[in-house]
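>>> only the shape, not the letters, is given here:
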């Protein structure tokens with residue numbers, strides 16, 4: 001891919017409040033221009049017996065106007081009046097109003113209409129038991145990760161018809177190279193003379209690179225969710241078993257950790273090449289082409305035989321973000337498989353302790369990927385908290401295997417508490433939400449559970465109440481942001497990874513309520529999830545296949561080359577895209593299929609400071625990624641289980 005593209009790539013269509021959008025067709029500029037108001041809803045639907053909110057986006061004032069909720073048969077089930085505006089969205093659409101209809105409790109399909117001037121009608125939406133509403137979304141989440149599988153153990157589908165990157169099974173390792181300001185490495189790579197099996201794992205995003213940085217986070221979230229919700233995300237589910245899929249990612253993490261030599265490898269492939277060498281982002285193709293790409297041409301050698309980068313010499317200290325998240329993944333492995341596969345689980349637990357013991361606890365700069373700017377992570381105390389918390393929980397499961405450096409789980413419980421305190425009193429406390437760059441929203445929850453499992457011992461560096469209080473601080477920060485946004489989203493729209501942050505906020509609010517035994521933030525947990533599922537200015541779900549209008553033109557090579565480009569099958573179901581951002585990127589690569597096929601920008605009328613474009617060139621808004629998608633199944637499971 002060209003230098004204008006980052007590590008990620010995607011596409012999407014708006015769900016404006018007109019019936020033809022439900023068919024997946026794109027509204028023309030003229031069809032949008034003649035409409036002066038739109039009703040935005042959570043397109044997945046609303047659980048019975050919960051608060052329910054839609055939004056009216058209008059060019060003219062509507063306070064006092066009448067809105068009605070009608071059943072599929074046309075019967076009016078609720079009538080109300082539009083209240084005060086929740087704030088200004090844009091010059092073109094300055095008025096936004098919340099439409100509350102929680103009194104509708106009967107299962108069925110409905111629409112919301114505003115009469116008079118302005119007038120608008122929502123797309124059809126469902127009210128149903130939460131377990132029914134989110135069943136398809138959970139299936140889609142599994143489908144996305146299966147579509148991202150690399151190696152010989154791929155899952156055959158309309159999108160995936162062949163294995164890819166089989167040469168990764170015997171890959172040469174290299175020292176970490178220097179890169180220039182554009183992210184291109186300087187000169188050639190320096191081989192280390194050692195080959196490893198780096199096969200399998202998931203592609204990071206719309207490209208074919210593989211990173212421990214994003215895979216470790218993804219595995220942590222998926223496996224923690226599978227343990228908490230076994231009938232929705234684990235072995236108890238026949239349609240959305242993300243525990244089994246999480247093991248696929250976990251197996252790759254194990255290949256990237258050489259335990260006998262205490263050596264971490266952290267990346268497979270290079271992004272952008274240079275004048276002499278082609279990188280992954282420089283070309284557009286299906287993954288199965290790579291093993292023979294370019295014949296014997298030297299400039300394509302790192303496409304055919306992808307380099308694996310080493311984090312440091314054997315036995316050297318490991319960047320603490322890697323150490324914490326890898327340790328968490330391996331410890332979760334033990335928790336989930338110590339009965340079903342004890343040999344595998346015991347190996348995982350030993351790996352977890354060895355990785356954690358090598359953490360560099362005084363880092364000058366974190367190691368993420370090459371180049372660092374692809375994933376510029378700066379916080380790491382939360383990662384060590386998570387790793388230690390999962391180790392403490394693992395050592396509470398039965399009799400631990402012999403040969404562990406630390407067999408007493410209280411050792412890790414104390415360590416987790418120390419790192420939790422360091423985070424809470426550190427420079428980034430509650431400055432972010434649960435996502436790749438800050439896992440405290442999961443780490444605090446896991447540590448709170450561990451403290452209870454150990455009988456709430458005294459003398460820890462942080463208390464359970466302190467952890468819960470810090471989760472509340474994160475949610476309140478989201479509430480403060482929601483108070484400044486007319487759609488009441490808890491994260492700024494004009495920022496990277498808005499979809500992932502919305503899902504993370506929903507999870508954190510739900511965790512707080514679970515830990516406190518309350519429903520303090522239940523409505524907000526549901527509302528923030530609704531924001532990324534259609535209740536936003538653009539009227540589009542930001543998760544493919546979840547709702548009537550969703551991204552069609554993702555910057556994802558397989559989806560672009562094999563997928564439909566109009567919302568019909570095959571689609572990359574379950575993929576969460578970047579979401580609205582401060583800009584829409586541009587840049588083409590040879591063989592990229594134009595999308596939208598007829599051009600145009602159907603969402604442009606709804607842009608403000610934040611913009612959203614469903615265009616294959618716009619990686620900044622519609623590239624999917626494994627870390628962006630990781631929290632959506634967990635958020636859906638919490639809704640389906642009634643923990644919202």
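Yep, it's here. Note that the structure is a prediction, hence the values are computed from the model and not measured.
>>> quick one: low-confidence ranges for this protein?
Scanning the chain for pLDDT under 70 picks out 1-34.
>>> return the residue of it that is most distant from the centre.
The centre of the chain is farthest from one residue, residue 116, which by CA atoms, centre = their mean lies 40.4 Å away.
>>> find the nearest non-adjacent residue to it, please.
Distance criterion CB to CB, 6 or more residues apart in numbering; nearest residue to residue 116, sequence neighbours excluded, is residue 65 at 5.4 Å. The way it works is simple: take the backbone N, C-alpha and C, and place the C-beta from them, glycine included.
>>> distance of the one you found from residue 539?
The spacing between residue 65 and residue 539, counted by CB to CB, to the nearest Å, is 19 Å.
>>> pick out whichever of the two has more residues nearby.
The neighbour comparison of residue 65 against residue 539 (other CB atoms under 10 Å) goes to residue 539, with 29 against 22.
>>> how many residues are close by the nearest residue to residue 512 once chain neighbours are set aside?
In space, and not counting its chain neighbours, residue 512 is closest to residue 471: 4.8 Å by CB to CB, 6+ apart. Using other CB under 10 Å, residue 471 has 25 other residues around it.
>>> residue 471: what's it in contact with?
441, 444, 445, 508, 511, 512, 515 (CB atoms under 8 Å, 6 or more residues apart in numbering).
>>> can you put those residues in a markdown table and add distance to residue 431, neighbour count and secondary structure?
Below are the contacts of residue 471 laid out as a markdown table (distance: CB to CB, whole Å; neighbours: other CB atoms under 10 Å; DSSP: H, G, I helix; E, B strand; the rest coil):
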| residue | distance to residue 431 | neighbour count | secondary structure |
| --- | --- | --- | --- |
| 441 | 12 | 25 | helix |
| 444 | 14 | 32 | helix |
| 445 | 18 | 25 | helix |
| 508 | 13 | 28 | helix |
| 511 | 18 | 28 | helix |
| 512 | 17 | 27 | helix |
| 515 | 21 | 19 | helix |
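>>> from those, which is closest to residue 227?
residue 445 (11.9 Å; CB to CB).
>>> distance check, the closest one against residue 389.
Distance from residue 445 to residue 389, by CB to CB: 9 Å.
>>> likewise for residue 643?
Applying CB to CB to residue 643 and residue 389 gives a distance of 20 Å.
>>> the two: which is more packed in?
Neighbours were counted for residue 643 and for residue 389 using other CB under 10 Å; residue 389 has more, 32 against 18.
>>> spell out which helix or strand contains the more buried one, please.
helix 381-394 (DSSP states H and E).
>>> what's the answer for residue 62, then?
For residue 62, there is no helix or strand it lies in under DSSP H and E.
>>> does the residue nearest to residue 512 count as helix, strand or coil?
Using DSSP: H, G, I helix; E, B strand; the rest coil, the secondary structure recorded for residue 471 is helix.
>>> and for residue 345?
Of the three states, residue 345 takes helix under three-state DSSP.
>>> run through the residues that contact it.
Taking CB under 8 Å, 6+ apart as the contact definition, residue 345 lies against 333, 334, 336, 337, 338.
>>> count of neighbours near the third one?
To tie it back to what came earlier, the one meant is residue 336. Neighbours of residue 336 under the rule other CB under 10 Å: 25.
>>> how close does it sit to residue 509?
Distance, residue 336 to residue 509, using CB to CB: 26 Å.
>>> cool, and the fourth one?
According to CB to CB, residue 337 and residue 509 sit 31 Å apart.
>>> who's more crowded, these two?
Each of residue 337 and residue 509 has its neighbours counted (other CB under 10 Å); residue 509 has more, 32 against 19.
>>> quick one: distance of the helix or strand harbouring that one to the chain centre.
Residue 509 is part of helix 498-516, with elements assigned from DSSP H and E. Remark: helix 498-516 is offset 13 Å from the chain centroid, using CA atoms, centre = their mean, to the nearest Å.
>>> that one packs against which elements?
Contacts defined by 3 or more CB pairs under 8 Å, 6 or more residues apart in numbering; DSSP states H and E place helix 498-516 against helix 440-453, helix 464-482, helix 522-531, helix 626-640.
>>> contacts for stretch 511-531?
Under the criterion CB under 8 Å, 6+ apart, residues 41-42, 46-47, 50-51, 53, 441, 444-445, 448, 464, 468, 471-472, 475, 478-479, 482, 487-490, 502-503, 505-507, 509-510, 535, 635-636, 638-639, 643-644 lie in contact with stretch 511-531.
>>> please name the residues that touch the residue nearest the centre of the chain.
With distances taken as CA atoms, centre = their mean, the residue of the chain nearest its centroid is residue 628 (2.1 Å). Applying CB under 8 Å, 6+ apart, we find residue 628 in contact with 497, 499, 500, 576, 577, 578.
>>> go with 6 Å
Neighbour list for residue 628: 499, 500, 576 [criterion: CB atoms under 6 Å, 6 or more residues apart in numbering].
>>> now residue 179
The contact partners of residue 179, by CB under 6 Å, 6+ apart, come to 185, 371.
>>> ok, now with 10 Å
By CB atoms under 10 Å, 6 or more residues apart in numbering, the residues touching residue 179 are 185, 186, 270, 271, 272, 274, 370, 371, 372, 373.
>>> please list only the buried members of those.
If you count burial by 16 or more other CB atoms under 10 Å, the buried members of the contacts of residue 179 come out as 185, 270, 271, 272, 274, 370, 371.
>>> wait, which of the residues you listed is closest to residue 79?
Nearest to residue 79 among the buried ones among the contacts of residue 179 is residue 271, at 55.5 Å by CB to CB.
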